[in-house]
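Q: model the following, please.
(chains A and B)
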Number of protein chains: 2
Amino acid sequence: MINKDQVEADYKQIQDEICAALEQLDGKAKFEEELWEREGGGGGRTRVIQDGNIFEKGGVNFSAVHGQLPETVKKALKIEQDDFFAAGISIVIHPSHPMVPIIHMNIRYFEMPSSFIPGQEPVRWFGGGIDLTPHYIIDEDARYFHSHLKSVCDQYNAEFYHRFKLWADDYFFIKHRNETRGIGGIFYDRLTATEDLTWETIIEFSKSLGRSFIPIYSELVKRNRDKKYTDEQQLWQYQRRSRYAEFNLVYDAGTKFGLETNGRIESILMSLPPTAKWLYNYQPKPGSEEEKTLSLLKKGINWV
Amino acid sequence: MINKDQVEADYKQIQDEICAALEQLDGKAKFEEELWEREGGGGGRTRVIQDGNIFEKGGVNFSAVHGQLPETVKKALKIEQDDFFAAGISIVIHPSHPMVPIIHMNIRYFEMPSSFIPGQEPVRWFGGGIDLTPHYIIDEDARYFHSHLKSVCDQYNAEFYHRFKLWADDYFFIKHRNETRGIGGIFYDRLTATEDLTWETIIEFSKSLGRSFIPIYSELVKRNRDKKYTDEQQLWQYQRRSRYAEFNLVYDAGTKFGLETNGRIESILMSLPPTAKWLYNYQPKPGSEEEKTLSLLKKGINWV
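A: Have a look, this model is predicted:
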């Protein structure tokens, strides 16, 4: 069975582990912490790292909130109960180096306590994912990233990687640009126990995914942090970041949920890039690395 | 009566006048033009000026599109007919100088030809507005701006300024930040003839508003373009621009309409700033000009 206090405690522990490892990786910047309380119930620990050797701006946020859902959210989630509990970790890292990718990770648990009626199926689920947004797509790194995610998934269920990879392709899609946000990864939502899948497995998978963040991202940082780069490559990075901002402000469900439940605004929007540029009608040069990257921002690429 | 071809021709003429005057004001940069056609019908003239003496990035777009409305837009507009015609000019200017304000102007006409049934009220209306987003609010300039708009409105209807000023306060509001986008201006939508208001007056008002753009903005540019500024002030400008991007991507109806009707994406998003910064939890110093500006980003300030 699921003990929501245990989920909350595990997530907090994972947040601590990730922050400690990222500080070590950066070697300079330290996380600033803001503890906040939500007016309707619950609160969180927002931790932001800025102006480091590697990390220009990154957030590793934990929150556990509860209370009454606004009508708009009930409608969006297609549920009728009013009270909810939601706990999660949400990470976005914007590195200063254009060859180091942006990364996002989220693990979360949601339940509606008033739905826990004997003989009925309670409303509760897990969700989460990790996806990567390289400013420059490097095939080898993309393969490494997806292979590592697949090995995490395969420990728990033979279908997870395939299902959740397709889900990420569909979710992290900037419709108005007809391009994916990055090279995807995995994404899942409303995962519940079935005949073939226990709550135990789902919980362990959620924690494993959280704990895979550091080995995956450390490797990608180490591979790329010492490469030389030009001003032109930095300009391209800032343009890719503006696409990231577009996705998060126009499409991201977590951002919408936060804005509509009156979450703490600086915690919700910590995902937005430190510097972004919108240049009019910019076209990469034929045959360039920038053009190659654009050509790979598509659904359905099999990286494994 | 309204002749939509005449409206289209007048708007094109106004676009030409504005572009010529802005080039003269800048003294360096010239507009680049892209003519585009919309798959479903119509097209436009996107004109963008970049890297000028004064204008870092600005767009003066004309479009006249027609075709079938997607279901999502019909629902949002609460109308049942399918075919539409929409013509308009839309302007956003991001100056490089932090003391020169961002400005936005829009005039537009919308009709549904299939609603033109004898004996019934056809569906057609005008909309538009001008609003100002100073990075630093200067009281005198704010008063000048609103007084000029009021004098334009007063030529056509004694109630326009009051009604449309309140409308702008409500419309240009960043709900999740609890702050207005700037100092407002005027905004109106679905303006139709009544017993006290002829179509003639509405059309003339729309054109006058378009033609007030240059005198108003030229004056504000001239007042501020030669002031000295610091790197800190530029950093503040970039942060204010990120709020502008948030408004346009999360709330702006014109942007949503463009994204949902598959408009030309670079024309729709030309409004986004050339460089924007999201710093985590930035707080202006007590007593600073930045703090004063934030304190004035509120609805209901009477600037006249």
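Q: show me which residues of the stretch 101-250 of chain A sit near chain B.
A: Applying C-beta under 8 Å from any C-beta of the partner chain, we find that the stretch 101-250 of chain A lies next to chain B at A:175-177, A:238, A:242, A:245-246, A:249-250. Backbone N, C-alpha and C define where each C-beta goes, glycine included.
Q: from these, list the buried ones, please.
A: Buried residues within those, counting neighbours by 16 or more other C-beta atoms under 10 Å in any protein chain shown: A:176, A:238, A:242, A:245-246, A:249-250.
Q: and those residues, which is closest to B:Pro98?
A: The shortest approach to B:Pro98 among those belongs to A:Tyr238, at 19.0 Å (C-beta to C-beta).
Q: one step back: now intersect the buried ones among the residues of the stretch 101-250 of chain A next to chain B with the helices, please.
A: Counting by DSSP state H, those place A:238, A:242, A:245-246, A:249-250 in helices.
Q: which element is the closest residue to A:Glu80 other than its chain neighbours on?
A: Using C-beta to C-beta, 6 or more residues apart in numbering or on different chains and skipping the chain neighbours, the partner closest in space to A:Glu80 is A:Lys74 (7.0 Å). Element membership for A:Lys74 (DSSP states H and E) is helix A:71-77.
Q: who's in contact with that helix?
A: Applying C-beta atoms under 8 Å, 6 or more residues apart in numbering or on different chains, the external contacts of helix A:71-77 come out as A:69, A:80, A:82, A:256-257, A:260-261.
Q: which residues of chain A fall in helices?
A: Listed in chain order, the helices of chain A (DSSP H) span A:4-26, A:71-77, A:139-154, A:160-171, A:199-224, A:231-250, A:253-260, A:265-268, A:289-295.
Q: would you reformat the ones you listed as CSV and include mean pLDDT?
A: Shown next, in CSV, are these (pLDDT from 0 to 100):
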stretch, mean pLDDT
helix A:4-26, 97
helix A:71-77, 78
helix A:139-154, 98
helix A:160-171, 98
helix A:199-224, 98
helix A:231-250, 97
helix A:253-260, 84
helix A:265-268, 90
helix A:289-295, 98
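Q: now distance to B:Leu220 too, for those helices, in CSV please.
A: As requested, these are arranged in CSV below (distance: least, C-beta to C-beta, whole Å):
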stretch, distance to B:Leu220
helix A:4-26, 44
helix A:71-77, 38
helix A:139-154, 48
helix A:160-171, 43
helix A:199-224, 45
helix A:231-250, 27
helix A:253-260, 32
helix A:265-268, 30
helix A:289-295, 37
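Q: got a list of what the nearest residue to A:Glu289 once chain neighbours are set aside touches?
A: If the residues on either side of it in the chain are set aside, A:Glu289 comes closest to A:Tyr136, at 5.6 Å by C-beta to C-beta, 6+ apart. For A:Tyr136, the contact set (C-beta under 8 Å, 6+ apart) comprises A:98-99, A:233, A:236, A:289-290, A:293.
Q: and the helices of chain A: which comes nearest A:Ile117?
A: In terms of C-beta to C-beta, the element of the helices of chain A nearest to A:Ile117 is helix A:4-26, at 16.9 Å.
Q: thinking again about what came up before, now list the buried members of the contacts of helix A:71-77.
A: Listed as buried from those are A:69, A:256-257, A:260-261; burial here means 16+ other C-beta under 10 Å.
Q: nearest to A:Glu219, of those residues?
A: A:Phe257 (31.2 Å).
Q: so how far is B:Ala76 from the residue lying closest to that closest one once chain neighbours are set aside?
A: Nearest residue to A:Phe257 in three dimensions, chain neighbours excluded: A:Val73, at 6.5 Å (C-beta to C-beta, 6+ apart). In this view, A:Val73 and B:Ala76 are 20 Å apart by C-beta to C-beta, to the nearest Å.
Q: cool, and A:Phe164?
A: A:Phe164 is 33 Å from B:Ala76, by C-beta to C-beta.
Q: between the two, which one's more packed in?
A: The neighbour comparison of A:Phe164 against B:Ala76 (other C-beta atoms under 10 Å in any protein chain shown) goes to A:Phe164, with 26 against 14.
Q: what sits against the more buried one?
A: A:129, A:153, A:186-188.
Q: want to throw these into CSV with neighbour count?
A: Below are the contacts of A:Phe164 laid out as CSV (neighbours: other C-beta atoms under 10 Å in any protein chain shown):
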residue, neighbour count
A:Gly129, 23
A:Cys153, 23
A:Ile186, 25
A:Phe187, 22
A:Tyr188, 21
